[in-house]
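Asks: Build me a model from this:
(one chain, ligands or ions: 2)
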Amino acid sequence: MARLPEEWTAWVRERGEPGYRGKQIFHWIHRQGVLDPDEMSNLPKPLRERLREDGLAWPIEVASTHASSDGTHKLLVRMPDGERVETVLIPQLDDDRVVTQCISSQVGCAMGCVFCASGVAGLKRHMTDAEIVAQVLLGRREVGSDRRIRNVVFMGMGEPLHNYDAVARALVLLTHPDGLDLSKRRVTVSTSGLVNQIDRLGSDFQGQVQLAISLHAVRDDARSAIMPVNRKDGLAELTAALRRYPLSKRQRITIEYTLIRGVNDSPRDAVEMVELLRGIPVKVNLIPMNPISASDLRAPDTSHVVRFQQALTRRGLSVFIRKTRGDDVAAACGQLAFHGESRRTVHPGVSRA
Ligand code: SAH
Ligand code: SF4
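Replies: Ligands and ions are numbered 1, 2, ... in the order given. Next up is the predicted model:
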């Protein structure tokens, strides 16, 4: 299902059908969210049969859905080999007809960040381009016709740039004008900072895809202690990559900073963050750390979070405190993990299939 329109065109031509049928198939899948060949009513029956023989089918299915009291929906999706990941639908606070979807790119994650449930779990496997895109097709079905998914963020399970090829193809599919047609600026790739792949993303998409960097610490020793990736690509290399990322005018890189009590929340950290980011067009999101069962690390008090924000804004950064959404169904940042494993956060009263 992850063929591009031109690839579908080649596919139908090889089977003796006119080329325009290729675009019709792409349209059914990515515009209509229809993957059952029998429902593709404008295609001749033999072609529908060929599609079925080719194995066209949903690459993932919804195993269960979990509604949070704040309107956030978590979908647990299952892949053909039984692996499961999660995707989260987050209605905009001031207009719930507009939805942001958080999607996964890997089962688990190899990066090993100590504050993150996916990192603690380790990498099981990459997801395919089809599995990644299908999360959004299923998400769109879930939100229904009177609401729409406007933003997609790669902030679920996994490090998207570690699965570069599948993620890059998924980006092309998600933003294709004949398909879901999401705006590139409204698709955010969040990375722990794989420098070569940041460069690749910048050149492959001319900087049009929104980039978010998980910074989380502003000195190499501190960052390496909580994010092992920093031992390979340190802060000097990372900030150099951000400086050369081909941003268009008015566009800014998002800096994510998970605040962890006693680890990265001192006044000195605030001052050094301003120094580190000087001259890079950024907006900073502070995320008070969501608790995970595998770690004793915790968020600072709210008043401390606000003081940290003020220390940054006073020095000229634009800084937002990201409200935790969906934490009553373990759908908040960093809480997504393998379904059913003991290391995850399981909240009482939430049914799990
Ligand atoms: N692997 C990518 C994207 C997935 S994580 C990345 O690291 O950027 C999405 C965001 O949630 C990242 O900024 C990540 O650092 C953050 N995060 C991970 N665990 C968290 C936790 N326990 N509390 C708050 N944020 C967390
Ligand atoms: Fe992986 Fe991101 Fe979690 Fe780090 S924060 S372990 S990179 S998912």
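Asks: for this structure, which spans come out with low pLDDT?
Replies: 326-353 (pLDDT under 70).
Asks: Helices of that one, start to end?
Replies: Here the chain has its helices, by DSSP state H, at 5-14, 20-26, 45-53, 117-121, 129-143, 164-174, 195-204, 220-226, 235-244, 267-277, 302-313.
Asks: Show me the one of those helices that comes nearest ligand 2.
Replies: helix 117-121 (2.4 Å; Cβ to the nearest ligand atom). Yep, even glycine has a C-beta here, placed from its N, CA and C like the rest.
Asks: picking that back up, which one, of the helices of the chain, ends up nearest to Thr72?
Replies: Nearest to Thr72, of all these, is helix 129-143, at 11.8 Å by Cβ to Cβ.
Asks: That closest one vs ligand 1: in contact?
Replies: No - residues of helix 129-143 are not located near ligand 1 by Cβ under 6 Å from any ligand atom, the shortest gap being 13.0 Å.
Asks: gap between the residue nearest in space to the middle of the chain and Leu194?
Replies: Residue closest to the mean C-alpha point of the chain, counted by Cα atoms, centre = their mean, is Phe154 at 1.1 Å. Per Cβ to Cβ, to the nearest Å, Phe154 is found 13 Å from Leu194.
Asks: Output the helices of the chain in JSON lines, with mean neighbour count appended to each entry.
Replies: Compiled in JSON lines, the helices of the chain are given as follows (neighbours: other Cβ atoms under 10 Å):
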{"stretch": "helix 5-14", "mean neighbour count": "16"}
{"stretch": "helix 20-26", "mean neighbour count": "19"}
{"stretch": "helix 45-53", "mean neighbour count": "15"}
{"stretch": "helix 117-121", "mean neighbour count": "25"}
{"stretch": "helix 129-143", "mean neighbour count": "23"}
{"stretch": "helix 164-174", "mean neighbour count": "21"}
{"stretch": "helix 195-204", "mean neighbour count": "18"}
{"stretch": "helix 220-226", "mean neighbour count": "16"}
{"stretch": "helix 235-244", "mean neighbour count": "16"}
{"stretch": "helix 267-277", "mean neighbour count": "16"}
{"stretch": "helix 302-313", "mean neighbour count": "15"}
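Asks: can you put these in JSON lines and add distance to Ser69?
Replies: Conversion of these to JSON lines gives the following (distance: least, Cβ to Cβ, whole Å):
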{"stretch": "helix 5-14", "distance to Ser69": "42"}
{"stretch": "helix 20-26", "distance to Ser69": "39"}
{"stretch": "helix 45-53", "distance to Ser69": "42"}
{"stretch": "helix 117-121", "distance to Ser69": "21"}
{"stretch": "helix 129-143", "distance to Ser69": "18"}
{"stretch": "helix 164-174", "distance to Ser69": "29"}
{"stretch": "helix 195-204", "distance to Ser69": "36"}
{"stretch": "helix 220-226", "distance to Ser69": "30"}
{"stretch": "helix 235-244", "distance to Ser69": "37"}
{"stretch": "helix 267-277", "distance to Ser69": "33"}
{"stretch": "helix 302-313", "distance to Ser69": "19"}
